[in-house]
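In: take this sequence and fold it.
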Amino acid sequence: MFTQEIAMDLGTANTLIIHNNKIVIDQPSIVAIDRTTGKPIAVGEQAKLMQGKTHENIKTVRPLKDGVIADFHASEHMIKEFIKQIPGIRGRFIQPALRIVICIPSGITEVEKRAVKDSALKVNAKEVKLIYEPMAAAIGAGIDVQSPEGNMIIDIGGGTTEIAVIALGGIVCDKSLKIAGDVFTNDIAYFLRSYYNLYIGERTAERIKIEIGSALEELDYPLEDIPVQGRDLI
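Out: Numbers count the residues shown, from 1 in each chain. Next up is the predicted model:
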């Protein structure tokens with residue numbers, strides 16, 4: 001009653017929180033901050049709507065870069081706000097203590113690990129456990145991670161791609177690449193800028209990637225074109 005267990009995937013692009021075996025939070029990892037006071041104004045979906053449309057007094061930041069915390073203050077506020085939105089915890093007079101499991105990239109340093117732990121401990125967490133993302137992905141995919149055979153996991157996120165071979169409940173070898181979803185998004189924006197002299201924002205580039213992006217050149221069903229608006233650089 002006084003302790004709640006939650007699992008959290010702090011992603012570069014999106015943050016997921018699981019409570020009572022259900023995904024209760026699935027929101028973009030973005031925070032809008034007032035430049036004059038330094039105080040956060042909005043997080044998640046609300047902050048994403050502001051992205052690319054802010055004036056000089058507001059800036060939108062992504063607290064995580066390449067799967068690790070880049071802005072400690074913004075990430076702490078983001079975690080705090082997301083936890084407040086969990087249906088089983090929201091509106092309680094006495095906030096319960098939390099036991100949290102957090103996914104981390106396999107190539108993370110000790111300093112970066114401590115930053116994740118410290119952020120979680122500041123939001124009423126009495127116990128924080130860290131689990132490597134490829135291991136969490138393997139368990140989530142239903143693989144028997146304890147068996148004496150190797151399974152290769154490739155987890156493509158926003159900031160990093162995690163590749164690991166798992167056997168006997170541990171990671172045999174792993175590689176964390178900085179080539180992931182964000183790189184594809186930037187490449188789309190770069191292409192339009194180079195070929196058409198059209199400047200588009202991150203949100204538009206991401207929409208193109210999600211709606212008509214493909215890793216294969218030849219598809220069984222050709223995708224329809226989508227109209228794109230942007231700024232004419234000429």
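
In: for Ile86, which residues are in contact?
Out: When contacts are counted by Cβ atoms under 8 Å, 6 or more residues apart in numbering, Ile86 is found next to 6, 17, 19, 24-25. Bear in mind the C-beta positions are built from the backbone N, C-alpha and C, glycine included.

In: what's the lowest-mean-pLDDT helix or strand in the chain packed up against?
Out: Of all regular secondary-structure elements in the chain, judged by mean pLDDT, DSSP states H and E, the least confident is strand 68-69 with a mean of 78. Secondary structure elements in contact with strand 68-69, counted by 3 or more Cβ pairs under 8 Å, 6 or more residues apart in numbering; DSSP states H and E, are helix 110-121.

In: after the helix it packs on, which helix or strand is next?
Out: Counting by DSSP states H and E, the next helix or strand C-terminal to helix 110-121 is strand 125-132.

In: in that following strand, what's buried?
Out: Judged by neighbour count using 16 or more other Cβ atoms under 10 Å, the buried positions of strand 125-132 are 125, 128, 132.

In: what mean pLDDT does that strand have?
Out: Looking at strand 125-132 alone, the average pLDDT works out to 86.

In: same for the helix or strand just after that strand, what does it pack against?
Out: Toward the C-terminal end, the helix or strand that comes next after strand 125-132 (DSSP H and E) is helix 133-140. Other elements packing on helix 133-140 under the criterion 3+ Cβ pairs under 8 Å, 6+ apart are strand 97-104, strand 151-156, strand 161-167, strand 170-177.

In: quick one: helix 133-140 to strand 161-167, angle?
Out: Angle between the axes of helix 133-140 and strand 161-167 is 60 degrees (criterion: axes from the mean of the first three to the mean of the last three Cα atoms, to 10 degrees).

In: His73 - how many residues pack around it?
Out: Using other Cβ atoms under 10 Å, His73 has 15 other residues around it.

In: I should have written Lys59 there, sorry.
Out: Other residues within reach of Lys59 by the criterion other Cβ under 10 Å amount to 14.

In: among the helices and strands packed on helix 133-140, which is nearest Ala70?
Out: Judged by Cβ to Cβ, the one of the helices and strands packed on helix 133-140 that comes nearest to Ala70 is strand 97-104, at 14.2 Å.

In: any low-confidence regions in this protein?
Out: Scanning the chain for pLDDT under 70 picks out the ranges 1, 90-93.

In: distance of the residue located most distally from the centre of the chain relative to Ile108?
Out: Most distant residue from the mean C-alpha position of the chain: Ile234, 34.9 Å away (Cα atoms, centre = their mean). Relative to Ile108, Ile234 is positioned 44 Å away (Cβ to Cβ, to the nearest Å).
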